[in-house]
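*Asks:* Sequence and predicted structure, then a few things I'm wondering about:
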Amino acid sequence: MEELDVRTLFVATGLVVGLLYGIVAQSTTFCVRRGISDLAEGRGGATLTGWLGALLLALPMTQWMIFEGHLDASQTVYFPEALSWWTTLIGAIAFGCGMMLTRGCPARLVVLSATGNLRAWFGSLVVGVSAYATFKGLIAESRVELQQTATLELPTESVLLSLPGFEWPLIGLATVVIGFFALRHGLNRNLIGGLLVGFLVAGAWSTTAFLGADDFDPMAPMSLSFVAPIGEAMTYLQLASGLEPTFNVTLILGVLLGAFVSSVVRGEFQWQTFESASDHARYFLGAILMGVGGILALGCNTGQAITGLATGSLWSILVTGFIFASGYWMHQRMSRSS
């Protein structure tokens, strides 16, 4: 039997991780944005335990991999040597506002798309087009030039591993604090979904780090993220004859398949569409903000607020804070105007 090459194994890993994420996210209604909106409405932090649950597993497992040398954090996007502080924070703010306008981050839109939600399909497509136009398309050159202005140099290693001899006490303390807030509301569906997502984040890091450490065809480790991958999947869909599938392409395909199967089995597949032209316009604006903002901020609610935070990146900490704060503000403003 012919041995599979590294790139084929990466593609297969993306598909498996995507399938599992789609099933988990659909069946547990995992959604970081909803936790922020509930806080903004004064409903407490019960739904936010999903995000905390994801960190509860992803953070210590990822830190262990980095500490042991299994995962080379420098190969990820979360530790740039220098980055424009103002474009990054503007991207985070734009993304936070956009996810409230569309009532879902890119990950949630992909999951909802597979359950028959045509609003989510529209939002996902606009996110993909605007993200890839910013990443590699029409405004990519301008983006690169802007990201080279007012640059800021932050530590290129995990903040939890920056003090020699105190790595494990810091990791343990961070895990205990996260666990305290995550378990305050008991073992609910949000928390279970988050724990499973956290396991997938760490599992993807571990698997791709192992597969990518190939002497003849080394590849950078990958994990869950959704803004650029949606655009990459759309590009592959149109130009498949001239491109090869990647981890990101099959990740999106896997999420769609997993969420679709889960929604059908659970009897939750239902066609839905926009209620009004203003609703349509709001989704359009929000999706553009998420596509452009997600590229400028190097990630989304999943890519930065879970996967990035798990690496201990100071950039991810800053971006997550601004995404959450701007999302909180936008939801409160929308609530007052409705």
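*Replies:* Nice, thanks for sending it over.
*Asks:* Beyond whatever helix or strand residue 18 lives in, next helix or strand please.
*Replies:* Using DSSP states H and E, residue 18 sits in helix 6-28. Next along the chain after helix 6-28, taking DSSP H and E as the criterion, comes helix 32-40.
*Asks:* and that next one, what does it pack onto?
*Replies:* helix 49-68, helix 85-101, helix 314-337 (3 or more Cβ pairs under 8 Å, 6 or more residues apart in numbering; DSSP states H and E). Where C-beta positions appear, they are placed from N, C-alpha and C, glycine not excepted.
*Asks:* Redo those as CSV? Include mean pLDDT.
*Replies:* As requested, those are exported to CSV (pLDDT from 0 to 100):
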stretch, mean pLDDT
helix 49-68, 97
helix 85-101, 97
helix 314-337, 95
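*Asks:* Make CSV from these and add mean neighbour count to it.
*Replies:* Output for these, formatted as CSV (neighbours: other Cβ atoms under 10 Å):
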stretch, mean neighbour count
helix 49-68, 24
helix 85-101, 24
helix 314-337, 19
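*Asks:* As a markdown table, those with distance to residue 10 would be great.
*Replies:* Below are the helices and strands packed on helix 32-40 laid out as a markdown table (distance: least, Cβ to Cβ, whole Å):
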| stretch | distance to residue 10 |
| --- | --- |
| helix 49-68 | 17 |
| helix 85-101 | 27 |
| helix 314-337 | 23 |
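*Asks:* Which among these is found nearest to residue 38?
*Replies:* helix 314-337 (9.2 Å; Cβ to Cβ).
*Asks:* Residues in contact with stretch 124-139: which ones?
*Replies:* For stretch 124-139, the surrounding residues in contact (Cβ atoms under 8 Å, 6 or more residues apart in numbering) are 106, 109-110, 113, 140, 143, 227-228, 230-235, 283-284, 287-288, 290-292, 294-296.
*Asks:* Separate out the buried members of the residues you listed.
*Replies:* Using 16 or more other Cβ atoms under 10 Å as the burial test, the contacts of stretch 124-139 include 106, 109-110, 113, 143, 227-228, 230-235, 283-284, 287-288, 290-292, 294-296 as buried.
*Asks:* what's the closest non-adjacent residue to residue 4?
*Replies:* Once flanking residues are discounted, residue 4 sits nearest to residue 12: 7.6 Å by Cβ to Cβ, 6 or more residues apart in numbering.
*Asks:* any idea how far the one you found lies from residue 326?
*Replies:* From residue 12 across to residue 326, the span is 37 Å (Cβ to Cβ, to the nearest Å).
*Asks:* can you pull the alpha-carbon coordinates of stretch 223-239 into CSV?
*Replies:* C-alpha atoms of stretch 223-239 as CSV (Å, rounded to 0.1, in the frame of the first residue of the first chain):
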residue,chain,number,x,y,z
SER,A,223,-5.6,24.6,13.9
LEU,A,224,-9.1,26.1,14.0
SER,A,225,-9.6,29.5,12.3
PHE,A,226,-12.3,30.6,9.9
VAL,A,227,-11.9,34.0,8.3
ALA,A,228,-9.1,33.3,5.8
PRO,A,229,-10.1,29.6,5.4
ILE,A,230,-13.6,30.6,4.2
GLY,A,231,-12.0,32.7,1.5
GLU,A,232,-9.5,30.0,0.6
ALA,A,233,-12.3,27.4,0.3
MET,A,234,-14.2,29.7,-2.0
THR,A,235,-11.2,30.3,-4.2
TYR,A,236,-10.6,26.5,-4.4
LEU,A,237,-14.2,25.9,-5.3
GLN,A,238,-13.8,28.2,-8.3
LEU,A,239,-10.2,27.3,-9.3
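*Asks:* I'd like the mean pLDDT over that stretch, please.
*Replies:* For stretch 223-239, the mean pLDDT works out to 96.
*Asks:* 180 is where my numbering starts, stick with that
*Replies:* That works, and once the first residue is 180, the last one we named lands at stretch 402-418.
*Asks:* centre of the chain versus that stretch, how much separation?
*Replies:* Its chain's average C-alpha position is 13 Å from that of stretch 402-418, according to Cα atoms, centre = their mean, to the nearest Å.
*Asks:* Also stretch 418-425?
*Replies:* Using Cα atoms, centre = their mean, the offset of stretch 418-425 from its chain centre is 23 Å.
*Asks:* And the contacts of that stretch?
*Replies:* Contacts for stretch 418-425 (Cβ under 8 Å, 6+ apart): 186, 189-190, 193, 411, 414-415.
*Asks:* Residue 298 should be in a strand, yeah?
*Replies:* No: secondary structure of residue 298 (DSSP: H, G, I helix; E, B strand; the rest coil): helix, not part of a strand.
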